[in-house]
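In: After the sequence you'll find the predicted model.
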Amino acid sequence: MAAISVRDHGMNSEQFARFTAMAEKLADFDPEETLAMLERAPRTDARTREAIVAARAAHGVKRYLENDHEGAFAAWEAGIADAGDEAAPILAVRGLFHMVRGELPAALADLDRAVALIPTDADAYARRGDIYFRMNLHGEATANHRRAAQLDPENLVALAGMGRCLLFTHEHAEAIPWYSRAVKLAPAVAHLRIERALCFEETGRLDEAVADLDVAIELDPNNAESHHARGRCRSDNGSAAAIADFTRAFELEPEDPDVWIARARARLRQGDLDGAQADAQRAVELDPRSARAHFSCGLVHQCRGVLRDALSCYDAASKLAPTEEAYVMARAVVTQKLGERTHPRGGFAEIQGEGRWSGHPRARSAPRVSRR
């Protein structure tokens, strides 16, 4: 039933598993019977009031996961009205479901109310941090995750959220300790391993990145990003193992031009010019606006000694990314060689340096990470 309720929310495997587990826990829950029983108990008992609030929150969750979305929100609204100043748990739950539906302003409003009612609720701060992150308000997201971690040093959402905020602002070294604390709490969550591996990669700790990605692939063999990243992090990413990783990645995501570019570069290092040219050309077909794809085609042409075709590709790359020094340099090298009327083979090692790691699709852009 969770599959029906969340199928249009674009969730990753960990998120889907979480909602499926939630549905399984609530499978035998009878909200009407539970609430009727609790209503008979005296409300002067704080534990009874807490139980009623929890039951009302669970009532809405059960309805939502049974695909009765309208009934879910009606149940939460009634519970919030009944609970008054004790409604924070219901607001937090409703905020979560607003968030997975993409209704971020409504989610933020619910979490704001929850935090106002319980200013020491670490979970509310952490969830509000997630919402700010999805709204691309990284400063506010960081402040909320940091506050949640201060209130609860083992709050997984806060620890992962801090790592994610730092990853997106390219503070990779600072992100690693936060991810490490999160991985210690949840060693079997694949996306935490993938995101920490990206930070290891960017700081040159490639063996540690590969170790994380080995675990991530074991946990989730069908995640293309894991295979792509592991191929990039191989100490010699022209190796057969790296090419196998790139091949598996585009088997899983055949429309991702970055993977084709990565395999083109790896094949070029092996001297497989035909394979490299086919991969680079496929990347251009998939994304004609990709400067990296045109640049990769240019590298292959230059290695073949077909300098006019190389220059044409470098021209295209430079027009799409005019501030990329590697493209400007490559164009200058080929222009000079054409002017000298020489046609040397080679040149790949001379001008391949596009970003820190050759073939890295996100050398200067925000990495793709799971937004839970």
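Out: Received it, and whenever you're ready, just let me know what you need. In this text, all values refer to a predicted model and were calculated from it rather than measured experimentally.
In: Output the contacting helices and strands for the helix or strand where Asp123 lies.
Out: Using DSSP states H and E, Asp123 maps to helix 122-134. Using 3 or more CB pairs under 8 Å, 6 or more residues apart in numbering; DSSP states H and E, the elements in contact with helix 122-134 are helix 88-100, helix 104-117, helix 138-151, helix 156-168. Backbone N, C-alpha and C define where each C-beta goes, glycine included.
In: Tell me the buried residues in the third one?
Out: What that stands for is helix 138-151. The neighbour-count check on helix 138-151 (16 or more other CB atoms under 10 Å) flags 138, 140-149, 151 as buried.
In: quick one, that helix and helix 104-117 angle?
Out: 30 degrees (axes from the mean of the first three to the mean of the last three CA atoms, to 10 degrees).
In: could you give the angle of helix 138-151 to helix 122-134?
Out: Counting by the same axes, to 10 degrees, helix 138-151 lies at 160 degrees to helix 122-134.
In: chain center to helix 138-151, what's the gap?
Out: Offset of helix 138-151 from its chain centre (CA atoms, centre = their mean, to the nearest Å): 19 Å.
In: contact partners of that helix?
Out: Outside helix 138-151, the residues within contact range by CB atoms under 8 Å, 6 or more residues apart in numbering are 120-123, 125-126, 128-130, 132-133, 155, 157-159, 161-162, 165-166, 168-169.
In: next one: the second one
Out: Applying CB under 8 Å, 6+ apart, the set of residues contacting helix 104-117 from outside is 85-89, 91-92, 94-96, 98-99, 121, 124-125, 127-128, 131-132, 134-135.
In: What's the PyMOL syntax to select whichever of these are buried?
Out: Buried subset of these, written as a PyMOL selection, criterion 16+ other CB under 10 Å:
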select buried, resi 86+87+88+89+91+92+94+95+96+98+99+121+124+125+127+128+131+132+134
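In: the longest helix in this structure is where?
Out: Ranked by residue count and defined by DSSP state H, the top helix of the chain is helix 46-65.
In: For stretch 64-72, measure first residue to last.
Out: From its first residue to its last, stretch 64-72 covers 5 Å (CA to CA, to the nearest Å).
In: How about that stretch, which residues are buried there?
Out: Residues of stretch 64-72 classed as buried: 64-66, 72 (neighbour count, 16+ other CB under 10 Å).
In: Check the contacts of helix 138-151 for burial and list the buried ones.
Out: If you count burial by 16+ other CB under 10 Å, the buried members of the contacts of helix 138-151 come out as 121-123, 125-126, 128-130, 132-133, 155, 157-159, 161-162, 165-166, 168.
In: tell me the contacts of the closest residue to Glu202 other than its chain neighbours?
Out: Distances taken as CB to CB, 6 or more residues apart in numbering place His172 nearest to Glu202, at 4.2 Å, with adjacent residues excluded. His172 is in contact with 166, 198-199, 202-203, counting by CB under 8 Å, 6+ apart.
In: before we move on, the earlier item: for the helix holding Asp123, what is the average pLDDT?
Out: Mean per-residue pLDDT for helix 122-134: 95.
In: List of residues touching it?
Out: Against helix 122-134 from outside (CB under 8 Å, 6+ apart): 88, 92, 95-96, 99, 104, 107-108, 111-112, 114-115, 118, 138, 140-145, 147-149, 151-152, 155, 157-158, 161, 164-165, 168, 371-372.
In: Between helix 88-100 and that helix, find me the angle.
Out: Using the same axes, to 10 degrees, the inter-axis angle of helix 122-134 relative to helix 88-100 is 20 degrees.
In: Render the CA-only coordinates of helix 122-134 in CSV, please.
Out: Extracted C-alpha coordinates of helix 122-134, given in CSV (Å, rounded to 0.1, in the frame of the first residue of the first chain):
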residue,chain,number,x,y,z
ALA,A,122,15.4,18.2,17.9
ASP,A,123,13.4,16.3,15.4
ALA,A,124,11.3,19.4,14.5
TYR,A,125,14.5,21.4,13.9
ALA,A,126,16.0,18.6,11.8
ARG,A,127,12.9,18.3,9.7
ARG,A,128,12.7,22.1,9.3
GLY,A,129,16.3,22.0,8.2
ASP,A,130,15.3,19.4,5.5
ILE,A,131,12.6,21.7,4.2
TYR,A,132,14.9,24.7,4.1
PHE,A,133,17.4,22.6,2.2
ARG,A,134,14.8,21.7,-0.4
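In: quick check, distance from that helix to the centre of its chain.
Out: Put simply, helix 122-134 sits 16 Å off its chain's centre (CA atoms, centre = their mean).
In: which regions of the stretch 151-300 of the chain lie under the pLDDT threshold?
Out: By pLDDT under 70, the low-scoring segments of the stretch 151-300 of the chain are 237-238.
In: can you give me the helices in it?
Out: 156-168, 172-185, 190-202, 206-219, 224-233, 240-252, 257-270, 273-286, 291-304 (DSSP state H, counting those that start in this stretch).
In: Looking at these, spot the one closest to Ala316.
Out: helix 291-304 (4.1 Å; CB to CB).
In: In terms of secondary structure, what does that closest one contact?
Out: Judged by 3+ CB pairs under 8 Å, 6+ apart, the packing partners of helix 291-304 are helix 257-270, helix 273-286, helix 307-320, helix 325-340, helix 348-351.
In: Which residue is the nearest non-sequential neighbour of Ala216?
Out: On the basis of CB to CB, 6+ apart, the spatially nearest residue to Ala216 that is not a chain neighbour turns out to be Arg193, at 4.0 Å.
In: ah, wrong one, I meant Leu252
Out: Spatially, and ignoring its direct neighbours in sequence, Leu252 is nearest to Ala224 (3.8 Å; CB to CB, 6+ apart).
In: Next: Ala124.
Out: Ala124's closest residue in space is Ala114 (CB to CB, 6+ apart), at 4.3 Å.
In: Any idea how many residues pack against the one you found?
Out: By other CB atoms under 10 Å, the residues close to Ala114 number 25.
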